[in-house]
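Participant: below is the structure, and that's it, no one-letter string:
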């Protein structure tokens with residue numbers, strides 16, 4: 001029997017340095033992102049640090065106290081307990097992301113194109129229906145006498161001894177589907193990158209860093225389910241910051257917690273960017289003709305081996321893996337599914353006005369933040385103003401790669417109050433003018449396209465990268481729409497409540513039963529699902545991630 005021939009990476013020749021006029025245009029395209037970062041990320045970060053050195057807030061005059069707030073926060077038990085519990089919440093999703101994700105991607109890749117695409121389509125439903133507050137509302141139904149099945153585990157949230165473990169299980173169950181879907185989307189391109197092993201390791205590191213960073217800012221599910229209780233047993237860092245700054249009106253300690261959280265996120269962001277740039281990570285789009293069996297000679301042994309694996313049971317392995325993940329996902333999502341089927345008081349969840357408050361600012365914020373990031377990505381990754389070292393221009397943005405509205409919430413709220421915009425419709429718009437995660441992804445894509453470009457910039461870089469900008473704009477829209485913290489801070493009038501804020505208010509009172517599916521209305525789900533499926537099949541399924549200068553491998557049809 002012939003032994004499989006390992007693939008031989010083919011170095012990609014360095015792209016020719018663009019003319020000086022192109023390099024100047026590259027710098028110019030990055031200016032909006034730099035200004036947006038300075039205004040909405042750097043300045044609020046400085047303000048947060050300044051606030052952390054002062055006492056007082058809304059109710060008392062501010063005065064400088066130096067590091068007293070940090071001494072109060074770090075010297076108390078609350079912060080360390082909140083930090084430990086917050087990090088523990090990331091353990092379950094982290095295992096799903098870096099273990100289940102790559103194994104499922106490998107199984108579906110061995111299973112062939114039809115099975116791979118079926119998996120992408122099925123798991124896309126988890127992305128467009130994910131709502132932290134909707135999930136929390138569904139699980140709280142388990143505390144009722146007629147609670148559905150697995151949701152009865154929520155009974156454990158009432159006891160301080162069992163509440164932390166119960167909330168960890170709820171978080172894993174509530175996020176299982178969406179984490180699997182996003183991890184699959186990230187790992188499948190690495191298998192097409194020519195050096196699948198190394199690319200998968202780099203992607204796994206980035207996915208792990210992102211999962212921890214998102215978990216470190218967890219607010220919605222915990223706040224809706226337990227409000228940090230009972231007896232502060234489930235307090236998170238974001239919840240502790242919210243309690244200090246907005247429940248007790250102590251901006252200093254609240255800003256200190258925000259600053260400490262920001263340091264953690266900043267380190268994770270810098271590490272992620274350094275890993276991506278040092279590994280010479282690039283993303284590119286495979287031509288359609290290469291997805292119909294046009295394999296290079298250097299990969300013939302690899303392709304032959306893959307064919308034998310598929311013929312010998314790869315389809316079975318892929319089908320079993322997909323069926324297992326879908327089955328587990330359905331069990332985990334059953335509280336939400338039963339809640340949607342049970343219906344609820346749609347009017348109590350805000351109706352049409354709340355939907356407008358939710359989706360108009362979400363869409364507008366995504367278009368602005370991703371649009372600004374896309375311009376900078378075209379400049380940095382496409383026009384390459386520093387040549388082969390251009391990706392290092394991402395380093396100034398790196399500390400804010402994973403920073404959401406939470407760690408900057410105290411400073412941003414104070415800015416809105418000073419501008420007298422609190423409790424206005426304008427305040428509902430996300431305060432970030434640039435999406436740094438979109439900037440990173442789009443820059444790596446434009447870099448990969450530019451290095452393989454045998455056409456002009458418009459046809460070789462801009463047009464192939466434009467669909468990715470649209471995909472990321474849609475993703476940021478969904479994230480913006482499901483955010484609770486920012487609209488909760490800036491909207492006091494019920495006429496300005498978003499659907500998630502309305503749902504969370506109903507969960508904490510006795511004014512009605514929230515509609516579990518209100519934050520993911522059928523029209524939005526239908527449109528988003530059609531867009532996500534089209535993107536998965538027509539574009540994302542053609543992406544390839546490579547590292548260290550290797551040329552992306554061709555993939556099967």
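Facilitator: That came through fine. Being a predicted model, the structure only gives us computed values, none of them experimental. Residues are numbered from 1 along each chain as shown.
Participant: in the stretch 51-200 of the chain, which spans are strands?
Facilitator: 54-55, 63-64 (DSSP state E, counting those that start in this stretch).
Participant: where does pLDDT dip in the stretch 301-450 of the chain?
Facilitator: Low-confidence segments of the stretch 301-450 of the chain (pLDDT under 70): 301-312, 344-350.
Participant: tell me where it has helices.
Facilitator: For the stretch 301-450 of the chain, the helices defined by DSSP state H, counting those that start in this stretch occupy 315-342, 351-377, 409-418, 436-451.
Participant: secondary structure element holding residue 519?
Facilitator: Residue 519 is part of no helix or strand, with elements assigned from DSSP states H and E.
Participant: any idea how many residues pack against it?
Facilitator: Residue 519 has 30 neighbouring residues, counting by other CB atoms under 10 Å. Using the backbone N, CA and C atoms, a C-beta is placed for each residue, glycine as well.
Participant: A strand includes residue 544, no?
Facilitator: Yes - using DSSP: H, G, I helix; E, B strand; the rest coil, the assignment for residue 544 is a strand.
Participant: returning to that earlier point: would you format the strands of the stretch 51-200 of the chain as JSON lines with mean neighbour count and mean pLDDT included?
Facilitator: Conversion of those to JSON lines gives the following (neighbours: other CB atoms under 10 Å; pLDDT from 0 to 100):
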{"stretch": "strand 54-55", "mean neighbour count": "18", "mean pLDDT": "91"}
{"stretch": "strand 63-64", "mean neighbour count": "10", "mean pLDDT": "90"}
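Participant: picking up where we left off before, return the most buried member of the helices of the stretch 301-450 of the chain.
Facilitator: helix 436-451 (a mean of 25; mean count of other CB atoms under 10 Å).
Participant: that helix to helix 351-377, inter-axis angle?
Facilitator: Inter-element angle recorded for helix 436-451 and helix 351-377: 40 degrees (by axes from the mean of the first three to the mean of the last three CA atoms, to 10 degrees).
Participant: which SSE is immediately downstream of helix 436-451?
Facilitator: Helix 436-451 is succeeded, C-terminally, by helix 457 (DSSP H and E).
Participant: past that next one, which element shows up next along the chain?
Facilitator: Per DSSP H and E, the helix or strand that comes after helix 457 is helix 463-482.
Participant: which residues does the very next helix or strand once past that next one contact?
Facilitator: Once the chain leaves helix 463-482, the next helix or strand it forms, by DSSP H and E, is helix 485-490. Applying CB atoms under 8 Å, 6 or more residues apart in numbering, the contact partners of helix 485-490 are 219-220, 238, 242, 246, 357, 405-406, 409, 412-413, 416, 421-423, 427-428, 430-431, 496-498, 500-501, 504.
Participant: next one: helix 485-490 to chain centre, how far?
Facilitator: 19 Å (CA atoms, centre = their mean, to the nearest Å).
Participant: do stretch 237-247 as well
Facilitator: Distance, centroid of stretch 237-247 to centroid of chain: 22 Å (CA atoms, centre = their mean).
Participant: next, the buried residues of it.
Facilitator: 237-246 (16 or more other CB atoms under 10 Å).
Participant: equivalent analysis for stretch 461-477, please.
Facilitator: Across stretch 461-477, burial judged by 16+ other CB under 10 Å covers 461-462, 464-465, 467-469, 471-477.
Participant: nearest to residue 386, of those?
Facilitator: Nearest to residue 386, judged by CB to CB, of those is residue 461 at 16.6 Å.
Participant: now do the closest one against residue 378, distance only.
Facilitator: For residue 461, the distance to residue 378 equals 7 Å [CB to CB, to the nearest Å].
Participant: contact partners for the closest residue to residue 188 other than its chain neighbours?
Facilitator: Leaving aside its sequence neighbours, residue 188 sits nearest to residue 105 (CB to CB, 6 or more residues apart in numbering; 4.8 Å). Listed by CB under 8 Å, 6+ apart, the contact set of residue 105 reads 183-184, 187-188, 190-191.
Participant: for residue 105, give its distance to residue 152.
Facilitator: Distance from residue 105 to residue 152, by CB to CB: 34 Å.
Participant: include pLDDT and neighbour count when you put the contacts of residue 105 into a markdown table, please.
Facilitator: Compiled in a markdown table, the contacts of residue 105 are given as follows (pLDDT from 0 to 100; neighbours: other CB atoms under 10 Å):
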| residue | pLDDT | neighbour count |
| --- | --- | --- |
| 183 | 96 | 26 |
| 184 | 95 | 24 |
| 187 | 96 | 26 |
| 188 | 95 | 27 |
| 190 | 95 | 28 |
| 191 | 93 | 22 |
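Participant: anything in contact with each of residue 461 and residue 378?
Facilitator: With CB under 8 Å, 6+ apart as the test, residue 461 and residue 378 both reach residue 446.
Participant: the residue nearest to residue 529 when sequence neighbours are not counted - how many residues pack around it?
Facilitator: Distances taken as CB to CB, 6+ apart place residue 128 nearest to residue 529, at 4.9 Å, with adjacent residues excluded. By other CB under 10 Å, 22 other residues sit near residue 128.
Participant: how close does residue 128 get to residue 420?
Facilitator: Counting by CB to CB, the gap from residue 128 to residue 420 is 37 Å.
Participant: distance check, the residue nearest to residue 41 when sequence neighbours are not counted against residue 55.
Facilitator: Computed as CB to CB, 6+ apart, the closest residue to residue 41 that is not its neighbour in sequence is residue 400, at 4.5 Å. Residue 400 is 27 Å from residue 55, where distance means CB to CB.
Participant: repeat that for residue 375.
Facilitator: From residue 375 to residue 55 the distance is 42 Å (CB to CB).
Participant: next one: residue 242
Facilitator: From residue 242 across to residue 55, the span is 18 Å (CB to CB).
Participant: can you check residue 429 too?
Facilitator: Applying CB to CB to residue 429 and residue 55 gives a distance of 31 Å.
Participant: pLDDT below threshold where in the stretch 51-200 of the chain?
Facilitator: 57-59, 145-148.
Participant: quick one, helices of it?
Facilitator: Counting by DSSP H, counting those that start in this stretch, the stretch 51-200 of the chain has helices at residues 68-74, 77-89, 91-95, 101-111, 113-129, 132-140, 163-190, 196-216.
Participant: figure out which of those is closest to residue 255.
Facilitator: Per CB to CB, nearest to residue 255 of these: helix 68-74, 7.3 Å.
Participant: can you tell me the closest non-neighbouring residue to residue 470?
Facilitator: residue 535 (7.6 Å).
Participant: what angle do the helix or strand hosting the one you found and helix 351-377 make?
Facilitator: Using DSSP H and E, residue 535 sits within helix 522-538. Counting by the same axes, to 10 degrees, helix 522-538 lies at 30 degrees to helix 351-377.
Participant: what comes up buried for helix 522-538?
Facilitator: Residues of helix 522-538 classed as buried: 524, 528-529, 532-533, 535-536 (neighbour count, 16+ other CB under 10 Å).
Participant: mean confidence for it?
Facilitator: Helix 522-538 shows a mean pLDDT of 92.
Participant: quick one: contacts of that helix?
Facilitator: Against helix 522-538 from outside (CB under 8 Å, 6+ apart): 117, 120-121, 124-125, 127-129, 185, 359, 467, 470-471, 474, 478.
Participant: rerun at 6 Å
Facilitator: 117, 120-121, 124, 127-129, 471, 474 (CB atoms under 6 Å, 6 or more residues apart in numbering).
Participant: likewise for stretch 462-469?
Facilitator: 285, 374, 445-446, 449, 539.
Participant: let me see the mean pLDDT of it.
Facilitator: Mean predicted lDDT for stretch 462-469 stands at 96.
Participant: what's the offset of it from the middle of its chain?
Facilitator: Taking mean C-alpha positions (CA atoms, centre = their mean), stretch 462-469 and its chain are 20 Å apart.
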